[in-house]
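> structure of the sequence below:
(2 chains, ligands or ions: 4)
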Amino acid sequence: MSFEFSDAGRREFDRLLTRYPDRMAVVLPALHLAQRELGYVSDEAIVHIAERVGTSPAYVEGVATFYTMYNRKPVGKYHVQICRNISCSLLGAEHLIEHVSKKLGVAPGETTPDGKFTLSKVECLGSCGTAPVMMVNDDYHENLTAGSIDRILDGLK
Amino acid sequence: MPNLTINGIAVAVPDGTTILNAAKTIGVHVPHYCYHPRLSIAGNCRMCLVEVEKFPKLQTACSTVVTEGMIVRTDTEKVRKAVTGVLELILIHHPIDCPICDQAGECGLQNYYMTYGLHKSRYALEDKVHKKKVQDIGGQIVLDAERCILCSRCVRFLDEVTQTRELHIFSRGDHSEISVFPGRPLSNDYTGNLADICPVGALTSKDFRFKCRVWFLKGAESICTGCSNGCNVEAHFKGDILYRLKPRENEAVNRSWMCDFGRLEYKKANDARLLAPFVREGGAEKAVSWGALVPRVALELSRAAEAGPDAAAVIASPQLSNEELYLARRIATELLGTRNLAFTHRAPGDGFEDGFLIRADKNPNSRGARLLGIPDGAAFDALVERIAAGTVRALLVFGNVVGSFTEAETAALLSKVPFVAQVGTNDGPVSKVATAVMPSASFAERGGTFTSHAGRVQRFRAGFAPRGKARNTVDLLVELANRMGAGWTFAGEASVFHALSATEAPFAGMTYESVGSQGQECKP
Ligand code: SF4
Ligand code: SF4
Ligand code: FES
Ligand code: FES
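Ligands and ions are numbered 1, 2, ... in the order given. Next comes the predicted model:
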């Protein structure tokens, strides 16, 4: 199975290629683009991006696996990412992760059987002032408590 | 030329020199893992920390360029403590594989542990991160991700030297791991170098794994015989077995690298060797002593020469050294008085080349043969025609193959000659049909010079004595010639090189000393 961007995706990729003086810089936005189209970054998408940028799949894989924002496996409808870095951790993030893990019945890195939720622990989400923080798909939720997390997750259809 | 002091020693070095290299010039070793003189600077291992006066924090010696008046210390308690800490961190996730690890004996971790380590572990064994061991990642390399210290030398080598980028660091933090992309193994012709540059046992040679502990090996400066590039190599052997070839640095030829094909050339010194002289009588091989064989070959060649000007012939080989070719030529022209002299390329002869190190001509000394007045090409074809026509009565042939002929073609051609004497190292189409077989020393068992495609005359040195009853070709040729009345007084290769450089214009003025370890350009 090989990967192809949608027509809109291809136009976006071509535009990205003209945007940076160094072709390699396109790797990050290209990975985002692939993830937007597929929901995650597949092996085929990595090979395709490597070929178009003119580097090796290993190089692109190195970039994709360095950042926690790229999913290398399919994720559920809602991707729940909880920060476990210093500020969040000091304000009880570990405990919140455990809470969510129990609530959803999955360990971090896993997806619920119904495909609705994927739980991930991530490094600093860059919102330390409002720690603890989690991200559900593209939305930030701040100053969390076990109660507020329950309300947020329960409200998701 | 900034002036600085390192550990109280004053030194002046060129602009742009790093502290690590400046220290090296005065014999101060700064420990390092990620720094490699042929690769870009990564500065990621932190092993090379040093104290620089007026800098509040320790600096990495590999990436800090010296400035005028700098005062550097590599020997303080502060430095020692930092380096010990770095080593402790590196060793946290490193397996204690040393008893079975092929890097043992030339391992950066083991070596520095004795100087900087010796600490008690503050880390619980069960917290160690385990990674995948023994992965075949293609080429000549096996990867043990668990032993990797993430110095990124391999990544930079594949990025900067081969530009194929098959390896990369995946994930981050203590999950970081070197790997290839699934289904995309190493695919370049220089993979063996990865085992050389990996400072630990993460990348080891498939071929060499578990064959021998490195501290049993001895080394001899040699030249790769795999093609005409003349890569400088070190031949590693134990007893009379050659175990591996490693590149030896030569800025003008191969920098620090060699190709994967060349690396396997060592097998020729071990496998399918001709080890004792024999003659073939009525189709059967019969062992014979050197003492009986050499006079007989001399007699047959002389007799043929007397029968007519071109009834004797010599087929030389570009696998021979300059010294051997020079003697072979003199035997043909002076003692046998024959025009029948040419050299033949070893099959597969001319082939693939890549614009980096690998040359199309798969012989180490074609250039030397031509410079010494031994022709190939049309002259070789003409000689083959005369042999096929049945006019040659005695033939002296060097090497194990004739041109690109198959075994059957070689047998058919040589059957036209009543007496075929071979000087060869390995079993092959020629030894299978020759009348007299004279086993010769491999490149690891003799010394001499080759002339590379670029005209660089380079020395290779004997590691150990010829195996079995094989003989040094120079000694053998001198004895053979003297049996034919030459009256030569050569004693060893050096004396032949001396004579050769005195009479052969391209080599004029050269001596073994001037050729040295790095070679010397011959005169065009
Ligand atoms: S790389 Fe090999 S020899 Fe070196 S410390 Fe590790 S296991 Fe021991
Ligand atoms: S495999 Fe070896 S060379 Fe590559 S990063 Fe690891 S330790 Fe360094
Ligand atoms: S530590 Fe969690 S957002 Fe920065
Ligand atoms: S050698 Fe300087 S940081 Fe690695």
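
> residues touching the most centrally placed residue in chain A, list them.
Computing the C-alpha centroid of chain A and ranking residues by C-alpha atoms, centre = their mean puts residue A:69 first, at 3.4 Å. Residues near residue A:69 by C-beta atoms under 8 Å, 6 or more residues apart in numbering or on different chains: A:32, A:122. In this view, the C-beta of every residue, glycine as well, is placed from N, C-alpha and C.

> how much space is there between it and ligand 4?
Counting by C-beta to the nearest ligand atom, to the nearest Å, the gap from residue A:69 to ligand 4 is 29 Å.

> show me where chain A has strands.
A:78-83, A:117-122, A:134-136, A:139-141 (DSSP state E).

> looking at the second one now, give me its mean pLDDT.
What it means is strand A:117-122. What strand A:117-122 shows for mean pLDDT is 94.

> quick one, longest helix in chain B?
helix B:290-307 (DSSP state H).

> so what secondary structure elements neighbour that one?
Counting contacts by 3 or more C-beta pairs under 8 Å, 6 or more residues apart in numbering or on different chains; DSSP states H and E, helix B:290-307 packs against strand B:312-316, strand B:394-398, strand B:419-424, strand B:436-439, helix B:473-483.

> would a markdown table of those with mean pLDDT and distance to ligand 4 be doable?
As requested, the helices and strands packed on helix B:290-307 are exported to a markdown table (pLDDT from 0 to 100; distance: least, C-beta to the nearest ligand atom, whole Å):
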| stretch | mean pLDDT | distance to ligand 4 |
| --- | --- | --- |
| strand B:312-316 | 97 | 49 |
| strand B:394-398 | 97 | 49 |
| strand B:419-424 | 98 | 48 |
| strand B:436-439 | 98 | 49 |
| helix B:473-483 | 98 | 46 |
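
> relative to ligand 1, which of those is closest?
Nearest of the helices and strands packed on helix B:290-307 to ligand 1, taken as C-beta to the nearest ligand atom: strand B:436-439 at 39.0 Å.

> the closest one pairs with which strands?
Strand pairing for strand B:436-439, determined by DSSP bridges: strand B:278-281 (antiparallel), strand B:419-424 (parallel).

> hey, which of these is tucked in deepest?
Highest mean neighbour count among these (mean count of other C-beta atoms under 10 Å in any protein chain shown): strand B:419-424, with a mean of 24.

> the helices in chain A, which residues?
Going by DSSP H, chain A shows helices at A:7-17, A:27-38, A:43-53, A:57-66, A:86-90, A:93-104, A:146-154.

> could you dump these to a markdown table with distance to residue B:154 and mean neighbour count?
Formatted as a markdown table, the helices of chain A follow (distance: least, C-beta to C-beta, whole Å; neighbours: other C-beta atoms under 10 Å in any protein chain shown):
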| stretch | distance to residue B:154 | mean neighbour count |
| --- | --- | --- |
| helix A:7-17 | 29 | 14 |
| helix A:27-38 | 20 | 19 |
| helix A:43-53 | 18 | 20 |
| helix A:57-66 | 11 | 23 |
| helix A:86-90 | 32 | 17 |
| helix A:93-104 | 35 | 17 |
| helix A:146-154 | 43 | 13 |
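
> any regions of chain A where pLDDT drops low?
A:1 (pLDDT under 70).

> what parts of chain B come near chain A?
B:164-172, B:179-182, B:184 (C-beta under 8 Å from any C-beta of the partner chain).

> out of the strands of chain A, nearest to ligand 2?
Per C-beta to the nearest ligand atom, nearest to ligand 2 of the strands of chain A: strand A:117-122, 25.4 Å.

> list of residues touching that closest one?
A:68-69, A:71, A:75-84, A:97, A:100-101, A:104, A:106-112, A:135, A:153.

> tilt between it and helix A:93-104?
170 degrees (axes from the mean of the first three to the mean of the last three C-alpha atoms, to 10 degrees).

> quick one, strand A:117-122 and helix A:146-154 angle?
Using the same axes, to 10 degrees, strand A:117-122 lies at 130 degrees relative to helix A:146-154.

> and the longest helix of chain B, what's its mean pLDDT?
96.

> name the residues that touch it?
So helix B:290-307 is contacted by B:277, B:279, B:311-312, B:335-338, B:392-394, B:396, B:419, B:421, B:436, B:438, B:469, B:471, B:476, B:479-480, B:483-484 (C-beta under 8 Å, 6+ apart).

> buried only: go through the residues you listed for me.
B:277, B:279, B:311-312, B:335-336, B:338, B:392-394, B:396, B:419, B:421, B:436, B:438, B:471, B:476, B:479-480, B:483-484 (16 or more other C-beta atoms under 10 Å in any protein chain shown).

> check chain A for me, the residue farthest from its geometric middle.
Quick read of chain A (C-alpha atoms, centre = their mean): farthest out is residue A:21, 26.7 Å.

> and the most centrally placed residue in chain B, helix, strand or coil?
The structure's chain B has its C-alpha centroid closest to residue B:233; by C-alpha atoms, centre = their mean the separation is 3.0 Å. For residue B:233, the assignment made with DSSP: H, G, I helix; E, B strand; the rest coil gives strand.

> apart from its neighbours in sequence, what residue is nearest it?
residue B:245 (4.5 Å; C-beta to C-beta, 6 or more residues apart in numbering or on different chains).

> now for the closest residue in space to residue B:54 that isn't next to it in sequence: which residues touch it?
What sits nearest to residue B:54 in space, not counting adjacent residues and going by C-beta to C-beta, 6+ apart, is residue B:71, at 7.9 Å. By C-beta under 8 Å, 6+ apart, the residues touching residue B:71 are B:4-5, B:52-54.

> for residue B:321, same thing?
Residue B:321 makes contact with B:365, B:368, B:446-450, B:460, B:473-474, B:493 under the criterion C-beta under 8 Å, 6+ apart.

> turn those into JSON lines, columns for neighbour count, secondary structure and distance to ligand 1.
Listed next are the contacts of residue B:321 as JSON lines, based on neighbours: other C-beta atoms under 10 Å in any protein chain shown; DSSP: H, G, I helix; E, B strand; the rest coil; distance: C-beta to the nearest ligand atom, whole Å:
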{"residue": "B:365", "neighbour count": "32", "secondary structure": "coil", "distance to ligand 1": "38"}
{"residue": "B:368", "neighbour count": "31", "secondary structure": "helix", "distance to ligand 1": "41"}
{"residue": "B:446", "neighbour count": "26", "secondary structure": "coil", "distance to ligand 1": "34"}
{"residue": "B:447", "neighbour count": "23", "secondary structure": "coil", "distance to ligand 1": "33"}
{"residue": "B:448", "neighbour count": "28", "secondary structure": "strand", "distance to ligand 1": "36"}
{"residue": "B:449", "neighbour count": "28", "secondary structure": "strand", "distance to ligand 1": "37"}
{"residue": "B:450", "neighbour count": "28", "secondary structure": "strand", "distance to ligand 1": "35"}
{"residue": "B:460", "neighbour count": "25", "secondary structure": "strand", "distance to ligand 1": "30"}
{"residue": "B:473", "neighbour count": "26", "secondary structure": "helix", "distance to ligand 1": "40"}
{"residue": "B:474", "neighbour count": "27", "secondary structure": "helix", "distance to ligand 1": "41"}
{"residue": "B:493", "neighbour count": "26", "secondary structure": "helix", "distance to ligand 1": "39"}
